[in-house]
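**Q** Sequence plus predicted model, see below.
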Amino acid sequence: MAALLTTYDSGDRIWSGSKRTFTYTDETSIGKIIFTNMKNWPNNVSQINDEDGGTVTFNEAITWAIRVAQIFKKKGFQYPDVIGLPVRNSTYVMSVAVACYLNGTPFHAINPVMDEATMTHVFSITKPKIIFCDGQDYEKVQAASKEWQPDILTVTDPIKGVPHIQSLLDPTPTEAFYQPEPLKEGSQQTMAILCSSGTTGLPKAVCISNRSLQHDFPWWSRLEQRPDHFSHGNGHWLHPHHNPKSLFSRLLCEARGEVQDQLCHFGASPYVSPDQLSRSIERSHGLTSVHNLYRRIHLYDHTEKSSGAL
């Protein structure tokens, strides 16, 4: 009985079980939220590789992430240890990032095309304990981190004698019972580190808190009601709250150009409606549904027109 998570109030003579915790609160780690939703919808496709057409389901992605997170914990990595990710989009990158969230160890993502001097400067700020990179960048990453000599693994282009990401993906006897690590510093705990543009000097490290991630991606809390509204392509999450200057703007430009070409071919007005753009994007990228896309296009067009960008 002592092993059960119960309490007894002798005054009211009431036994109580453990307190219920809500899934979506400021104190819930983004790793826990991702873990819960991926476990709830294991067969959903979470990633589509534009280059080879390969797909990854939630079940595959979270299973890989759990195995990597267990390795992190076994090595003693914990907050505020940092994981370096100077990588291009590929099959396992998302799972490594999710593993960082699960373990509560922030990742430091940088552009892999940085020159050695810039990469040395940026990584010297956080000194990652382990770095995942593409094989083509291994020597540059190794030179940039020689001051503290972290473990370096490749995620693509395997190199003889250098550990590869697949060496971390062997099944473990405890993966079925894995639970994400709780936050150590509450909602303001740093969960990701990105880089500034570097236009006013060398790039700076920009810390993103757990709370910021939750508020930037509130669609996680709606995923249980509409699991078909999650789509992933080429390493980016396609949702209305994603940075419009990245994948969304590219899709929008591609779709607008495609529809305009069709309209001009038939002598029609080159104006492209949000409905036409929505259908074009969904058709071109094989998406069954894109969350709130019609409204997102309206907002995007309004913002661009107001700034004179269109």
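**A** Great, that's in hand.
**Q** what about the helices in the stretch 51-200 of the chain?
**A** Here the stretch 51-200 of the chain has its helices, by DSSP state H, counting those that start in this stretch, at 58-74, 93-103, 116-126, 138-144.
**Q** Quick one: closest of those helices to I193.
**A** Nearest of the helices of the stretch 51-200 of the chain to I193, taken as C-beta to C-beta: helix 116-126 at 6.1 Å. Any C-beta I mention is one placed from the backbone N, CA and C, and that applies to glycine too.
**Q** ok, K39 - contacts?
**A** Listed by C-beta atoms under 8 Å, 6 or more residues apart in numbering, the contact set of K39 reads 58, 62.
**Q** For it, what are phi and psi?
**A** phi -70, psi -30 (degrees, to the nearest 10).
**Q** And it, how close does it get to A176?
**A** For K39, the distance to A176 (C-beta to C-beta, to the nearest Å) stands at 11 Å.
**Q** for T118, same thing?
**A** As for T118, its distance to A176 is 43 Å (criterion: C-beta to C-beta).
**Q** A192 bridge partners, please.
**A** Judged by DSSP bridges, the bridge partners of A192 are F107, I208.
**Q** Could you count how many residues lie near it?
**A** For A192, the neighbour count with other C-beta atoms under 10 Å is 22.
**Q** any weak-confidence spans in this protein?
**A** Residues of the chain that meet the criterion pLDDT under 70 lie in 1-5, 20-23, 216-310.
**Q** Could you rerun that using 50?
**A** Scanning the chain for pLDDT under 50 picks out the ranges 1-3, 218-249, 259-260, 262-271, 288-310.
**Q** Give me the domain ranges for it.
**A** As assigned by automatic domain parsing, the chain contains the domains 30-235, 244-307.
**Q** Next, S18: secondary structure please.
**A** Under DSSP: H, G, I helix; E, B strand; the rest coil, S18 falls in the coil class.
**Q** Please report how far it lies from K39.
**A** For S18, the distance to K39 - C-beta to C-beta - is 20 Å.
**Q** T57 now?
**A** T57 sits 12 Å away from K39, taking C-beta to C-beta as the criterion.
**Q** what do you get for P171?
**A** P171 is 17 Å from K39, by C-beta to C-beta.
**Q** tally of neighbours for Q214?
**A** As a burial measure, Q214 scores 20 neighbours (other C-beta under 10 Å).
**Q** which ones are touching it?
**A** By C-beta under 8 Å, 6+ apart, the residues touching Q214 are 24, 26, 28, 30, 33, 187, 220.
**Q** returning to that earlier point: save the helices of the stretch 51-200 of the chain as JSON lines, and put in distance to P86 too.
**A** Shown next, in JSON lines, are the helices of the stretch 51-200 of the chain (distance: least, C-beta to C-beta, whole Å):
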{"stretch": "helix 58-74", "distance to P86": "17"}
{"stretch": "helix 93-103", "distance to P86": "11"}
{"stretch": "helix 116-126", "distance to P86": "7"}
{"stretch": "helix 138-144", "distance to P86": "6"}
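**Q** which of the ones you listed sits most buried?
**A** For the helices of the stretch 51-200 of the chain, the largest average neighbour count (mean count of other C-beta atoms under 10 Å) is found in helix 93-103, namely a mean of 25.
**Q** Return it as CSV; C-alpha atoms alone will do.
**A** Presented in CSV, the C-alpha positions along helix 93-103 are these (Å, rounded to 0.1, in the frame of the first residue of the first chain):
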residue,chain,number,x,y,z
VAL,A,93,16.4,15.2,-37.9
MET,A,94,12.8,15.7,-36.6
SER,A,95,13.1,12.7,-34.3
VAL,A,96,16.4,14.1,-32.9
ALA,A,97,14.8,17.4,-32.2
VAL,A,98,11.8,15.8,-30.6
ALA,A,99,14.3,13.7,-28.5
CYS,A,100,15.8,16.9,-27.2
TYR,A,101,12.3,18.1,-26.2
LEU,A,102,11.5,14.8,-24.5
ASN,A,103,14.8,15.0,-22.5
